[in-house]
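> Curious how this folds, go ahead:
(2 chains)
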Number of protein chains: 2
Amino acid sequence: MAKLTSRKEDYSKWYNELVVKADLAENSRVRGCMVIKPYGFAIWEKMKDELDRKFKETGHQNAYFPLFVPKSLFEAEEKNAEGFAKECAVVTHYRLKTDPNNPQKLIVDPDAKLEEELIVRPTSEAIIWSTYKNWIQSYRDLPILINQWANVVRWEMRTRLFLRTTEFLWQEGHTAHSTKEEAIEETEKMLEVYAEFAENFMAMPVIKGIKSPSERFAGAVETYCIEAMMQDGKALQAGTSHFLGQNFAEAFDVKFTNKEGEMEYAWATSWGVSTRLMGALIMAHSDDHGLVLPPTLAPFQVVIVPIFKGEDQLRQVDEVAFEIQNKLKAKGISVKYDNDNQNKPGWKFAEYELKGVPVRIALGARDLENKTVEVARRDTLTKEVQPLEGIENYIEELLQKIQQEIYLKALNFRDSNITKVDSYDEFKKVLEEKGGFISAHWDGTEEEEEQIKEETKATIRCIPLDAETENGVSLISGKPSSKRVIFAKSY
Amino acid sequence: MAKLTSRKEDYSKWYNELVVKADLAENSRVRGCMVIKPYGFAIWEKMKDELDRKFKETGHQNAYFPLFVPKSLFEAEEKNAEGFAKECAVVTHYRLKTDPNNPQKLIVDPDAKLEEELIVRPTSEAIIWSTYKNWIQSYRDLPILINQWANVVRWEMRTRLFLRTTEFLWQEGHTAHSTKEEAIEETEKMLEVYAEFAENFMAMPVIKGIKSPSERFAGAVETYCIEAMMQDGKALQAGTSHFLGQNFAEAFDVKFTNKEGEMEYAWATSWGVSTRLMGALIMAHSDDHGLVLPPTLAPFQVVIVPIFKGEDQLRQVDEVAFEIQNKLKAKGISVKYDNDNQNKPGWKFAEYELKGVPVRIALGARDLENKTVEVARRDTLTKEVQPLEGIENYIEELLQKIQQEIYLKALNFRDSNITKVDSYDEFKKVLEEKGGFISAHWDGTEEEEEQIKEETKATIRCIPLDAETENGVSLISGKPSSKRVIFAKSY
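Numbers count the residues shown, from 1 in each chain, chains lettered A, B, ... in the order given. As a prediction, the model looks like this:
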């Protein structure tokens, strides 16, 4: 197996190689669209299951809305959301036919032109709010708390596996409420759900915050986000939760009779995370040997590799290995026993390191004699010999410890790469020499934000929710500011 | 609540009304595309979870392939699959722009025309086999056992909610094997998985069989299917499993080195079920009062309705109701306690009948005194008084009994509506007067099949796998036949 490019050598190349070599995903024959391979999809399924559980726990139900959005619905949306991106897949015809000049070829049938073009959904606010119009008459019909798991398409010019693809998988929550307060509460609640998921499940610390107006979702009144730091110091927006005010209700004329008997526009939120989280997961924890997966997301948490010479030894090892496997399974730990005898143990060790299996148990003739096993941790690349007796309890605790330590490592990395600066010169110096997140004062204007972005490529990632009040002056204009915001280059 | 049209009066209208009134689905603003509402989607999720469990249990993994298929891949497929339908959504452009003549309008940007048109997948053999080409070099790479949960689009002219929609949700299994035998075994295994699911989970008896050549999937060597009988006697194809031979491997040049070191084309299967199963479920069991759901698929299996006057009584009922709810939940039974005090008990009774909740428990002041509850079954519309003590055990057994009896009722209905006929006159008479499935001899030719179809609208649903050998003569040509096949009108 050829070694991965190291992160130091070329971080971007390391990422691209890792995604492909660890069998997570690959580019397809369709420009910018990926194939998510079984190993990668198994990780995504674990993310999906946990998020889905959290959504249901917080009172949401799943539903499904059409893939296609008639062009006219975007025109309605466009009125109050001018920033809306127009790069999207447009369906104009509904039939192919055999080319009369070449029976080997298919052509678009010109007689099958649609009266109105259909857009493959880039997001579903338009189709969903045009549907909610019929569902909402009275305050008794509210709240509507719906989530959808779906594929969406945005015609991206430069694409990268998981991080930015033309088609991607995501979930989009779309809720409708009778009061502004309730909608804001929902927006904040879902941000909290995402943050908890990122930290406890992906072992990835995040900063919860609010976007500056220029980084807001078109059509939102306020965009909340969670921002994570990747190992190259760049930021990755890992999830957003939008308070949409009454914008979409106005665009699609969704009014209800409130408790006082008056007609009012409904209040909306939307919130989503996508397969981009796979990119975040990879870049947050993995190393030059391959993936590092927190146990919560590993398709299998433990792999057992037998070390043997000949069939007889294998049979003896098999017996103990199956016993360990059963004991681990009884504890709810997922475990693969790889007793394939085509590949050598060394090959297997490298393979499971590449795939990020959190714990490897190696078991050979000497271990059988000594009643021990060799236990290796993927995250620290350390190994130790442990007694066979009670190994299931040891592994159970070890997996919890690994989960926690992967998180703490990422947290420590992030916190030591957030730098407070108080001048623009220092800002530029830190950004160039150290990178990471920069905590600085900002005057609240788009002008200053834009100038910094143009000159340094760093953007305001968020205004942290827990930012302390502190008197300062902004970097360029020198105007007073009461809070620091987070700047960084980002994915 | 306006009553449903009865099945006798207008079966088709009954179905359409039921789907909408029971909050399962509705038509969207996009021609032929449906919105699956939360209650309907919760049922689909239960189907999906169980099928997914069965797929994984039989060694399959999920993955995800692109929504779009370049037109040229269909040309490759077209060569060996001429029956391939060309009604599909065609993406020709990748950008909208503001109409220069009217800033309120969006138009397709003529400068953003795709070099090659993209088809929204009607099924994924083409994109998947063009991908497998890179995954398969040696027999060691086989088998590949992959399933995908996805949305697909077929431009249907006449659509009906769940039964035939332009966009629908489905799963498609696509496997690759090194031998013909293994591929056939897989095809048959997945048919068995579908049949078990239909019978044990949907409580819907099915006939397992093989399609006649004219009803085969384009590109398949053999199409296996499960056929169910709806309450109007018509057949509904509930799932198909295709043995594809080497057709797709040839079309996409997927060769591997076999154990003998020779190059060979890979052997393929594909198999799928879709949201059409929702239509089957509805039409197999429901009645003029609404849905009838087998307990396995009910979003909640039990509803508790309090009967009370005033807050004091409600508080007393609440106490016992929550106790029952907790005891049922502890047994893994899903239960809703509806103590909303806006709607009267009578309204609730009708509502939960419409929604097909298998068991309703009513609880009033007299019940509290007597330490009893009233238990109503949705499937039989019967009720009885039961002691409160041990009610959770009673309900647990009752749910099992309901599951079984719904199945037996459907089985009995189906079996009494399969008629053996031995002449074409009898065939036409039975079809017109009684309907249902007709078991008859067929000479194996497309001509006879076609004539029967044209004259009676009945098609060969399948050649049952368990058909007994029996000497007979075919209906029209009078040629000898050794097996009866199943004819019926179908959805």
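
> Mind jotting down where the strands sit in the stretch 51-200 of chain A?
Here the stretch 51-200 of chain A has its strands, by DSSP state E, counting those that start in this stretch, at A:61-62, A:68-70, A:87-99, A:102-108, A:113-120, A:144-153, A:167-177.

> As PDB, could you dump the C-alpha coordinates of the fifth one?
Listed next in PDB are the C-alpha coordinates belonging to strand A:113-120 (Å, rounded to 0.1, in the frame of the first residue of the first chain):
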ATOM      1  CA  LYS A 113     -40.300  20.500 -23.800                       C
ATOM      2  CA  LEU A 114     -41.800  21.400 -20.400                       C
ATOM      3  CA  GLU A 115     -44.100  24.400 -20.200                       C
ATOM      4  CA  GLU A 116     -42.300  25.500 -17.100                       C
ATOM      5  CA  GLU A 117     -38.800  24.500 -16.300                       C
ATOM      6  CA  LEU A 118     -38.200  22.500 -13.100                       C
ATOM      7  CA  ILE A 119     -35.200  23.200 -10.800                       C
ATOM      8  CA  VAL A 120     -33.600  20.300  -9.000                       C
END
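
> comparing the strands of the stretch 51-200 of chain A, which gets the lowest mean pLDDT score?
Confidence, taken as mean pLDDT, is least for strand A:102-108 of the strands of the stretch 51-200 of chain A (a mean of 90).

> Could you check the angle it makes with strand B:113-120?
90 degrees (axes from the mean of the first three to the mean of the last three CA atoms, to 10 degrees).

> Direction included, what does strand A:102-108 pair up with?
Partners of strand A:102-108 in the sheet, by DSSP bridges, are strand A:87-99 (antiparallel).

> hang on, the earlier thing: from the strands of the stretch 51-200 of chain A, which stretch is densest packed?
Highest mean neighbour count among the strands of the stretch 51-200 of chain A (mean count of other CB atoms under 10 Å in any protein chain shown): strand A:68-70, with a mean of 25. Backbone N, C-alpha and C define where each C-beta goes, glycine included.

> Run the chain-centre distance for it.
Remark: strand A:68-70 is offset 26 Å from the chain centroid, using CA atoms, centre = their mean, to the nearest Å.

> just checking, what packs against that strand?
Strand A:68-70 is packed against strand A:113-120, helix A:125-135, with contacts defined by 3 or more CB pairs under 8 Å, 6 or more residues apart in numbering or on different chains; DSSP states H and E.

> For the ones you listed, give me JSON lines that also has distance to residue B:190.
Formatted as JSON lines, these follow (distance: least, CB to CB, whole Å):
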{"stretch": "strand A:113-120", "distance to residue B:190": "30"}
{"stretch": "helix A:125-135", "distance to residue B:190": "34"}
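
> As CSV, the ones you listed with distance to chain B would be great.
Shown next, in CSV, are the helices and strands packed on strand A:68-70 (distance: least, CB to the nearest CB, whole Å):
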stretch, distance to chain B
strand A:113-120, 6
helix A:125-135, 6
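
> can you tell me the residue of the stretch 201-350 of chain A closest to chain B?
With CB to the nearest CB as the measure, residue A:342 is the residue of the stretch 201-350 of chain A nearest to chain B, at 7.5 Å.

> and that residue, how many neighbours does it have?
With neighbours defined by other CB atoms under 10 Å in any protein chain shown, the count for residue A:342 comes to 6.

> mind checking how far the closest residue to it other than its chain neighbours is from residue A:314?
Spatial nearest neighbour of residue A:342, excluding adjacent residues (CB to CB, 6 or more residues apart in numbering or on different chains): residue B:140 at 7.5 Å. To residue A:314, residue B:140 is 19 Å away according to CB to CB, to the nearest Å.

> Also residue A:366?
Per CB to CB, residue A:366 is found 15 Å from residue A:314.

> Compare those two (neighbour count), which wins?
Neighbours per residue (other CB under 10 Å) separate residue A:366 from residue A:314, with residue A:314 holding more: 16 against 11.

> so, in contact with chain B or not, the lowest-mean-pLDDT helix or strand in chain A?
Taking mean pLDDT, DSSP states H and E as the measure, chain A has helix A:71-78 as its least confident helix or strand, at a mean of 84. Yes: using CB under 8 Å from any CB of the partner chain, helix A:71-78 comes into contact with chain B via A:71, A:73, A:74, A:75, A:78.

> can you list contacts of that helix?
Residues from elsewhere that reach helix A:71-78 (CB atoms under 8 Å, 6 or more residues apart in numbering or on different chains): A:84, A:90, A:116-119, A:125-127, A:130, A:219, A:248, A:251-252, B:29, B:96, B:98, B:104-106.

> repeat that for 7 Å
With contacts defined as CB atoms under 7 Å, 6 or more residues apart in numbering or on different chains, helix A:71-78 is touched by A:84, A:116-117, A:119, A:125-127, A:130, A:219, A:251-252, B:104-106.

> Ok, stretch A:447-459 next?
Residues from elsewhere that reach stretch A:447-459, judged by CB under 7 Å, 6+ apart: A:212, A:214-215, A:428, A:431, A:438, A:442, A:460, A:474-477, A:487-490.

> got it, and stretch A:130-137?
By CB under 7 Å, 6+ apart, stretch A:130-137 touches A:65, A:73, A:141-142, A:144, A:176, A:252-254, A:256-257, A:266, B:28-29, B:35.

> of all those residues, which comes closest to residue B:52?
Ranked by distance to residue B:52 (CB to CB), these are led by residue A:65 at 22.0 Å.

> Can you give me the neighbour number for the closest one?
Residues contacting residue A:65 under the criterion other CB under 10 Å number 26.

> which residues touch it?
Contact analysis of residue A:65 by CB under 7 Å, 6+ apart lists A:124, A:127, A:128, A:131, A:148, B:35.

> mind running it again at 6 Å?
Residues in contact with residue A:65 (CB atoms under 6 Å, 6 or more residues apart in numbering or on different chains) are A:124, A:127, A:128, B:35.

> And the first one, how close does it get to chain B?
What it means is residue A:124. With distances taken as CB to the nearest CB, to the nearest Å, residue A:124 is found 11 Å from chain B.

> who are the neighbours in contact with that residue?
Counting by CB under 6 Å, 6+ apart, residue A:124 has contacts A:65, A:172.

> Tell me the spacing between it and residue B:227.
For residue A:124, the distance to residue B:227 - CB to CB - is 36 Å.

> can you pull the buried residues of the strand or helix carrying residue A:14?
Residue A:14 is part of helix A:11-21, with elements assigned from DSSP states H and E. Under the neighbour-count criterion of 16 or more other CB atoms under 10 Å in any protein chain shown, helix A:11-21 has A:11, A:14, A:15, A:16, A:17, A:18, A:19, A:21 buried.

> Which residues of the stretch 101-250 of chain A lie near chain B?
A:106, A:108, A:117, A:130, A:131, A:151, A:155, A:167 (CB under 6 Å from any CB of the partner chain).
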